[in-house]
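1. I'd like to go over a predicted model; first the sequence, then the structure.
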Amino acid sequence: MGAVEQDIPVAAAGSFLADKSAKVFVAGHRGLVGSAVYRKLLALGFHNLVVRSHHELDLTRQADVEAFFQRERPLFVVLAAAKVGGIHANSTYPADFIAVNLQIQTNVIDAAYRNGVEKLLFLGSSCIYPKFAPQPITEEALLTGSLEPTNEWYAIAKIAGIKMCQAYRLQYGWDAISGMPTNLYGPNDNFHPENSHVLPALMRRFHEAKVAGAKEVVVWGSGSPLREFLHVDDLADAVVFLLDKYSGLGHVNVGSGKEVTIKELAEIVKEAVGFEGEIVWDRTKPDGTPRKLMDSSKLAELGWTPKISLREGLADTYKWYLENVVKQQ
Ligand SMILES: NC(=O)C1=CN([C@@H]2O[C@H](COP(=O)(O)OP(=O)(O)OC[C@H]3O[C@@H](n4cnc5c(N)ncnc54)[C@H](OP(=O)(O)O)[C@@H]3O)[C@@H](O)[C@H]2O)C=CC1
Ligand SMILES: C[C@H]1O[C@H](OP(=O)(O)OP(=O)(O)OC[C@H]2O[C@@H](n3cnc4c(=O)[nH]c(N)nc43)[C@H](O)[C@@H]2O)C(O)[C@@H](O)C1=O
């Protein structure tokens with residue numbers, strides 16, 4: 001077993017939740033993940049959170065990131081700022097997905113280490129495992145095969161982020177850890193018609209079709225790919241759990257363990273939204289990875305399991321969409 005397969009704790013675990021006055025920087029706090037982590041930390045009583053919008057601090061600018069860390073000196077960092085998108089965005093903007101992500105993560109991880117951050121959590125994604133990884137996908141499958149072509153640029157950047165956390169742990173004994181979430185959804189998701197992920201895209205399309213009295217809704221691909229979905233509030237809970245309990249070299253899968261076909265997902269979203277027309281499949285659009293169910297037993301053995309079912313999470317997200325996106329239009 002090589003160094004990378006071993007878990008190398010560098011700090012006594014169990015310290016994150018002990019001090020709610022610790023300064024925590026949530027990077028990307030207006031996005032899907034960052035906003036959920038921010039809500040979770042506030043609910044837990046953390047009262048020294050530091051946040052910056054993209055407009056206030058562009059994390060691709062190294063000098064600005066360095067100045068921010070020198071001034072604020074947070075003790076913990078959750079790195080949830082990234083260039084993120086669905087299958088279409090990933091294949092249309094390869095330069096943005098590789099360059100922006102490499103820049104953000106390199107700037108933040110390095111400045112955090114050099115400015116006294118005690119612990120940093122980075123986020124990978126289930127889509128960075130090999131396209132045909134054995135299922136369910138264990139943490140050891142990373143870098144064992146070719147990537148899914150539609151998101152290889154994003155995947156290369158994300159793999160570099162995980163490796164950077166490992167390198168800083170090995171060379172400096174610094175407590176940088178990585179979580180590997182599955183496909184996420186929930187409040188503050190991106191509902192862009194083309195660039196978003198499948199779940200918010202379908203929610204919006206079915207909703208708009210219902211309002212317009214349309215007879216059919218077009219869904220991309222064949223409907224056969226399988227995807228595992230996790231509500232972002234469950235992910236935020238797992239992020240806090242990992243910060244508190246985990247200090248190791250290896251990344252940790254964070255999934256629900258439940259998968260559905262895109263066809264099943266389309267039917268569930270259609271029902272949640274209340275659209276009564278037909279679904280039409282656009283087979284000119286790519287399916288992407290056929291299946292990416294993660295094995296999240298490492299996290300379960302540490303003591304964490306998800307709580308929110310897909311149907312419950314979808315109903316909650318549709319309510320949020322109606323109140324926060326539709327009402328604002
Ligand atoms: N969504 C998903 O299904 C999954 C997400 N993840 C990971 O979770 C993390 C967060 O993703 P998610 O919340 O979905 O993404 P979002 O797009 O919802 O949020 C990303 C946030 O990062 C900010 N951001 C982007 N670029 C910059 C920049 N240059 N400077 C400062 N802020 C910036 C965005 O601000 P703005 O919008 O103003 O640009 C936004 O607030 C990512 O690392 C992603 O890889 C992992 C698995 C699945
Ligand atoms: C989280 C992960 O997300 C991405 O990978 P993905 O899982 O393939 O993401 P997706 O949500 O875009 O699609 C899932 C499936 O759904 C189908 N599909 C149907 N109709 C729509 C639709 O309307 N929009 C979208 N986006 N997909 C649709 C689509 O054809 C595909 O078969 C990454 O690129 C990757 O980088 C990443 O991080």
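-> On my side now, so go ahead. Ligands and ions are numbered 1, 2, ... in the order given.
2. how about the contacts made by N90?
-> 97, 150-151, 153-154 (C-beta atoms under 8 Å, 6 or more residues apart in numbering). Every residue, glycine included, has its C-beta placed from N, CA and C.
3. hang on, G257 packs against S296?
-> Yes - G257 is in contact with S296 according to C-beta atoms under 8 Å; the separation is 6.0 Å.
4. those two: who's more crowded?
-> The residue with more neighbours, out of G257 and S296 and counting by other C-beta atoms under 10 Å, is S296; that gives 27 against 17.
5. residues contacting stretch 28-35, please?
-> Outside of stretch 28-35, the residues within contact range by C-beta under 8 Å, 6+ apart are 26-27, 37-38, 51, 53-54, 78-82, 84, 123, 181, 184-190, 232, 235-236, 239.
6. let's see 10 Å
-> Taking contacts as C-beta atoms under 10 Å, 6 or more residues apart in numbering, the residues outside stretch 28-35 that touch it are 26-27, 36-39, 41, 49-55, 59, 78-82, 84, 104, 108, 123, 179, 181, 184-190, 197, 200, 232, 235-236, 239.
7. ok, back up a step: now the contacts of N90 in a markdown table, with distance to Y172 and neighbour count?
-> Below are those laid out as a markdown table (distance: C-beta to C-beta, whole Å; neighbours: other C-beta atoms under 10 Å):
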| residue | distance to Y172 | neighbour count |
| --- | --- | --- |
| F97 | 28 | 25 |
| T150 | 35 | 22 |
| N151 | 30 | 24 |
| W153 | 28 | 22 |
| Y154 | 27 | 28 |
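8. all helices of the stretch 151-300 of the chain, in order?
-> Taking DSSP state H, counting those that start in this stretch to define them, one finds helices in the stretch 151-300 of the chain at 152-172, 198-212, 232-245, 262-273, 297-302.
9. ok, which of the contacts of stretch 28-35 also contact ligand 1?
-> When these are checked against ligand 1 using C-beta under 6 Å from any ligand atom, the ones in range are 54, 59, 80-82, 84, 104, 123, 181, 184, 190, 197.
10. quick one: common contacting residues for G257 and S296?
-> Residues touching both G257 and S296 by C-beta under 10 Å, 6+ apart: 136, 182, 228, 230, 305-306.
11. so which residues on the stretch 151-300 of the chain come close to ligand 2?
-> Residues of the stretch 151-300 of the chain lying near ligand 2 by C-beta under 6 Å from any ligand atom: 151, 154, 183, 196-198, 201-202, 219-221, 225, 227, 262, 285-289.
12. what's the closest non-adjacent residue to I128?
-> A155 (4.0 Å; C-beta to C-beta, 6 or more residues apart in numbering).
13. pick out the residue in the stretch 1-150 of the chain sitting closest to ligand 2.
-> In the stretch 1-150 of the chain, the residue found nearest to ligand 2 is G86; the distance is 2.7 Å by C-beta to the nearest ligand atom.
14. quick one, what contacts that residue?
-> Taking C-beta under 10 Å, 6+ apart, one finds 150-151, 183, 190, 192, 194-201, 220, 288 in contact with G86.
15. filter these to the buried ones?
-> The neighbour-count criterion (16 or more other C-beta atoms under 10 Å) marks 150-151, 183, 195-201, 220, 288 among these as buried.
16. which of those residues sits closest to A212?
-> Checking the buried ones among the contacts of G86 against A212 with C-beta to C-beta, the nearest one is A201 at 16.4 Å.
17. check that closest one and give its pLDDT.
-> We have a pLDDT of 98 for A201.
18. ditto for the one 5 residues further on
-> Confidence at F206, expressed as pLDDT, is 98.
19. now swap in the one 4 residues further on and tell me
-> If you check K210, the pLDDT there is 98.
20. same check on Q329?
-> pLDDT, the model's per-residue confidence, is 80 for Q329.
21. likewise S256?
-> 98.
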